[in-house]
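**Q** Structure, please.
(2 chains)
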Amino acid sequence: MHAISFTALLLSMLAAVGLTATAGMKALKDDFDTVALLEKGQILLTVVVLAVSVVLVQALVVRDYSYVYVRDYTDNFLPMFYAVTAFWAGQNGSFLFWYLCVAVMGCCMIYTPGYSRLDDRTKVYFWIIFFLVEIFFLFALTGPSNPFMRLDPVPADGRGMNPLLQNPGMIFHPPLLFLGYAGYTIPCCLALASRLSGGGREWLDLCRNWNIVAWIFLTSGIILGAWWAYMELGWGGYWAWDPVENASLIPWLVGTAFIHTAIVGRTRGTLLRTNVLLASLTLLLCFFATFVVRSGLIDSVHAFGGSRMGVPLLVFMIAGVAFMLYVCLVQRKDDVTRIDDFTSRPGMLFLASWLFLCLGAIVFLGVLWPVISTLWSANPVGLDAGFYNRVCLPLFAVLALIMAVCPWFSQKSGISDKPAMGLVLGVGVGAAVVIYALGYTQPLALFSSASGFMMVASITLYFVRNKAARAFLPSWGAYGVHMGVALMVLGVAFSGPYKVEGEAVLTPGQTMNVGSYEILFTELTHDHANPAMNSHAALLTVTRDGKAVGNMAPEKRQYRNFEQSTFAEVSVIPSLGEEIYATLLGFDEQGTASLKISVNPLVNWIWIGGTLSCLIAFLCWRKIERR
Amino acid sequence: MKPETIMSTAKNQKWVYLAAILLVGTGVGYLLISGLSQNSVYFLNVSEALAMPAEKLTQARLFGTVADNGIEHDPSSLGVSFFAQDSDDPNQTIRVHFRGAVPDTFKAGVEVILEGSFTADTRVFEATTMMTKCPSKYEKNDKGQMRPPGSVG
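**A** This is a model prediction of the structure:
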């Protein structure tokens, strides 16, 4: 089946190239009759990729080690669930998964009401650009990133899956990201196609639902990654500004900017070129994110080393940027960007979008700084987490403030509801005073948390006063997302600067103090009943002012097949207030344990807010009338 | 509305627009410059660090591999001392003292990323942060040799 799958993908690629060339040549002669042919082509491509995906999944399920990929990421002891999800554990499989998502979404596109409203010209341009993206994937899958490589002789067992990946968070994080990356293909292709065929701003309405879905997947992927880092890695943090983390954040920032400029574009009729540019840039940055992770250009804990996908990705991105600039700048020159007045809803959205783009540029600059600095420095210079916290956090804080006050501006100019604005600002000042009085005095955190409370008050007040908003389901979506974001702002504003940590080496019966908590280490236990692993646990009892708070049992595990490494299992006492977090760093034969305990205030609001935003955003979908 | 009023309103708005851009630009610019000046850190391989003149060698992010010999775990406190060898040339090594939680995946042969600074005796690197790369999946590189991913040669 190895050769058959490979051949099927190769033939798909040739078919796609043929169809694209045919449609392109006809388009140059003003003949746009190729729509039905292109649609059938897309369906064919999708059927092929579904079939080869089934082949790979089946190979993983039965542990067919004649596939290099199966040997690399599974073994005989791996639970079935993880064997299946090994599909996206490695580069080659993850590229296949990404391409699968793109193809299926393209197929779904054919049957959507939005697509039916396009004229033939736009459809043909759409498919040409969409096929070009798919051809890139097929080139990768039949060349540098082939998941169907054969192994001879066939080994008896595989290498196994890294235990760090055997966790629900890590299993769903890659596919969510890839679904997001794939989702942004459609707005990009639609934007470019629409501009090429001389259309106006209708495409903004037609790709809106796709935009929302892509955003939801990308956001949930990033948040899940952060949650996994916090719960699994044991360092007690959720965001390290590592190049690979930043790489996925950049398209998120630009994509979020695009959502807001699209609103301005729809309601005010301006920013047309900006929207085409941002839609395309978001997709290109998704490929850039993959480039950072896979090319070995930037050294990082996550970087998977130089692979042969580095140069192809770079070429694809450069070609993409060139095409995007051609379509945006050369095609038409009749757009004028005009915002009448900043103190208006569109003005605020415009300002917010600018801040998102600034943040995107800063993070982009930061990720590439080691490469850029070689222009003037013999050794590469990098930027540590402190840089990003120093530069980005104030901008996020300003965004929080804008989110809080934006609902009270009118669509045209000025404040539409002065008493409400006054009340919201009052809540902000009041919150700041209370927070300061409670001892949380760090200035930026104070500003951000006050803004967070203002956001909550603002959104609640808006819904209480505005009957039209309550009646319209997409408003619940839009304002619900921002409510989730407000909760995340509060979570970050407290759990970042006010986290308290302590490390100690204890013998059984000893205690340590972290913050206002006293932690007693009672004993070290050993569990060797489970055949897949060997585990030691430190039993801890936590009290505060003499009152019992809870128990924790952080572990250190050794997994079969990975015996040389030990893995920490974190233990927490969860809380909506101060969450207590324990890691067992090490132990010895006498039963002494070295422990790291941290107190993380309001950290769970990040996950609550994030989940709320991602789920409620589905309500933003709007019905499009089929033509 | 009289034309003059419309004109003057438009002109005022243009000034407000420019002032806002200038303000935001200055703010972001200040943040960027202070960030770049205070949070820049040299990214060095072990061989590059050994080649650098002593005065320039202060804070750095050091990339290397944990050598097989000389690993000393500190039993009473948290930390470990070891030799970091250059990923390309194992003969070049730097002694590292790391204080803090030792990552799960730390052992001889793993690639590490260390943040810290060199002491006055620049042969020793005092590391405050240590990150180990994702545990190795040994792969055949282009020359058919078995090497951990990311290594050259």
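**Q** Tell me how chain B divides into domains.
**A** B:1-40, B:42-147 (automatic domain parsing).
**Q** Tell me which of those domains sits most buried.
**A** A comparison of these by mean neighbour count, using mean count of other CB atoms under 10 Å in any protein chain shown, puts domain B:42-147 on top with a mean of 17. The C-beta positions use only the backbone N, C-alpha and C, and glycine is treated the same way.
**Q** returning to that earlier point: mind checking which of the domains of chain B is nearest residue A:512?
**A** domain B:42-147 (12.8 Å; CB to CB).
**Q** From the centroid of chain B, which residue is nearest?
**A** For chain B, residue B:61 is the residue whose C-alpha lies nearest the centre (CA atoms, centre = their mean; 4.0 Å).
**Q** any idea which of the domains of chain B scores lowest on pLDDT?
**A** If those are sorted by mean pLDDT, domain B:1-40 sits at the bottom with a mean of 74.
**Q** just to revisit the earlier point, I would like the residues contacting the helix or strand hosting the residue nearest to the centre of chain B, please.
**A** Using DSSP states H and E, residue B:61 maps to strand B:59-66. Strand B:59-66 has contacts (CB atoms under 8 Å, 6 or more residues apart in numbering or on different chains) with A:299, A:382, A:384, B:41-46, B:49, B:82-87, B:90, B:94, B:96, B:106-118, B:125, B:127.
**Q** Out of those residues, which sit inside helices?
**A** B:46, B:49 (DSSP state H).
**Q** Which ones among the contacts of strand B:59-66 lie within strands?
**A** A:382, B:41-45, B:82-85, B:94, B:96, B:111-118, B:125, B:127 (DSSP state E).
**Q** Backbone dihedrals for residue A:155, please?
**A** Phi and psi for residue A:155, reported as degrees, to the nearest 10, are phi -70, psi 160.
**Q** Run a quick check on it versus residue A:65, I expect a contact.
**A** Yes: the pair residue A:155 and residue A:65 qualifies as a contact (CB atoms under 8 Å) at a distance of 5.0 Å.
**Q** So which of the two has more stuff around it?
**A** A direct count of neighbours by other CB atoms under 10 Å in any protein chain shown for residue A:155 and residue A:65 places residue A:65 higher, at 22 against 12.
**Q** Determine the number of other residues adjacent to the nearest residue to residue A:114 once chain neighbours are set aside.
**A** Nearest residue to residue A:114, sequence neighbours excluded (CB to CB, 6 or more residues apart in numbering or on different chains): residue A:206, at 3.7 Å. By other CB under 10 Å, 22 other residues sit near residue A:206.
**Q** and residue A:206, how far is that from residue A:123?
**A** 11 Å (CB to CB, to the nearest Å).
**Q** Need the overlap of contacts for the two.
**A** With CB under 8 Å, 6+ apart, residue A:206 and residue A:123 have common neighbours residue A:115.
**Q** ok and the residue in the stretch 1-150 of chain A nearest chain B?
**A** residue A:72 (6.4 Å; CB to the nearest CB).
**Q** Could you count how many residues lie near that residue?
**A** 22.
**Q** Distance of it relative to residue A:159?
**A** From residue A:72 over to residue A:159 (counting by CB to CB), the distance is 6 Å.
**Q** same deal with residue A:125?
**A** 45 Å.
**Q** The two - which one has more neighbours?
**A** Taking other CB under 10 Å, residue A:125 and residue A:159 do not tie; residue A:125 has more neighbours (25 against 17).
**Q** ok, residue A:474 - contacts?
**A** Residue A:474 touches A:619-622, counting by CB under 8 Å, 6+ apart.
**Q** So which of those is the closest to chain B?
**A** residue A:620 (28.5 Å).
**Q** What does the residue nearest to residue A:440 when sequence neighbours are not counted show for phi and psi?
**A** Nearest-residue entry for residue A:440: residue A:498, 6.1 Å, with adjacent residues in sequence omitted and distances by CB to CB, 6+ apart. Note on residue A:498: backbone dihedrals following degrees, to the nearest 10 are phi -110, psi 20.
**Q** count of neighbours near residue A:498?
**A** The number of residues near residue A:498, taken as other CB under 10 Å, comes to 18.
**Q** ok, it - contacts?
**A** A:440, A:442, A:445, A:601.
**Q** One more: residue B:14?
**A** No contacts exist for residue B:14 under CB under 8 Å, 6+ apart.
**Q** Which helix or strand contains it?
**A** helix B:3-38.
**Q** what about residue A:60, distance to residue A:80?
**A** 9 Å.
**Q** contacting residues for the residue nearest to residue A:114?
**A** Counting by CB under 8 Å, 6+ apart, residue A:206 has contacts A:114-115, A:117-118, A:190, A:624.
**Q** what do you get for residue B:31?
**A** Going by CB under 8 Å, 6+ apart, the list of residues near residue B:31 reads A:390-391, A:394-395.
**Q** Apply 7 Å and report the result again.
**A** A:390-391, A:394 (CB atoms under 7 Å, 6 or more residues apart in numbering or on different chains).
**Q** How about residues contacting the least confident helix or strand in chain A by mean pLDDT?
**A** None of the helices or strands of chain A scores lower by mean pLDDT, DSSP states H and E than strand A:566-569, at a mean of 80. Contact with strand A:566-569 is made by A:163-164, A:234, A:554-559, A:583-584, B:104, as judged by CB under 7 Å, 6+ apart.
**Q** Could I get the CA-only coordinates of that strand as CSV?
**A** Only the C-alpha atoms of strand A:566-569 are listed here, as CSV (Å, rounded to 0.1, in the frame of the first residue of the first chain):
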residue,chain,number,x,y,z
THR,A,566,11.8,10.5,34.2
PHE,A,567,8.7,12.5,33.8
ALA,A,568,7.0,14.7,36.4
GLU,A,569,3.3,14.5,37.0
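**Q** Next secondary structure element downstream of that strand?
**A** Past strand A:566-569, the next helix or strand by DSSP H and E is strand A:571-573.
**Q** What helices and strands are in contact with that next one?
**A** strand A:547-552, strand A:578-587 (3 or more CB pairs under 7 Å, 6 or more residues apart in numbering or on different chains; DSSP states H and E).
**Q** any chance of these in a markdown table, plus mean pLDDT and distance to chain B?
**A** Output for these, formatted as a markdown table (pLDDT from 0 to 100; distance: least, CB to the nearest CB, whole Å):
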| stretch | mean pLDDT | distance to chain B |
| --- | --- | --- |
| strand A:547-552 | 92 | 17 |
| strand A:578-587 | 90 | 5 |
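**Q** Same list, the ones you listed, but as CSV with mean neighbour count please.
**A** Shown next, in CSV, are these (neighbours: other CB atoms under 10 Å in any protein chain shown):
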stretch, mean neighbour count
strand A:547-552, 14
strand A:578-587, 23
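**Q** now for those strands, which one comes closest to residue A:356?
**A** strand A:578-587 (29.6 Å).
**Q** Sheet partners, orientation included, of that closest one?
**A** Its sheet considered, strand A:578-587 pairs with strand A:571-573 (antiparallel), strand A:593-601 (antiparallel) by DSSP bridges.
**Q** Can you give the domain ranges for chain A?
**A** Taken from automatic domain parsing, chain A resolves into A:1-166, A:173-383, A:401-497+A:608-620, A:500-605.
**Q** how far out from the middle of the chain is the second one?
**A** Taking CA atoms, centre = their mean, to the nearest Å, one finds the center of domain A:173-383 at 11 Å from the center of the full chain.
**Q** what do you get for the shortest one?
**A** Between the mean C-alpha location of domain A:500-605 and the chain-wide mean there is a distance of 30 Å, by CA atoms, centre = their mean.
**Q** distance between the ends of that domain?
**A** Domain A:500-605 stretches 17 Å from its first residue to its last (CA to CA, to the nearest Å).
**Q** With the third one instead?
**A** Terminal residues of domain A:401-497+A:608-620 lie 23 Å apart, using CA to CA.
**Q** who in the stretch 501-627 of chain A is up against chain B?
**A** A:503, A:505, A:564-568, A:585-586, A:588, A:594, A:596 (CB under 7 Å from any CB of the partner chain).
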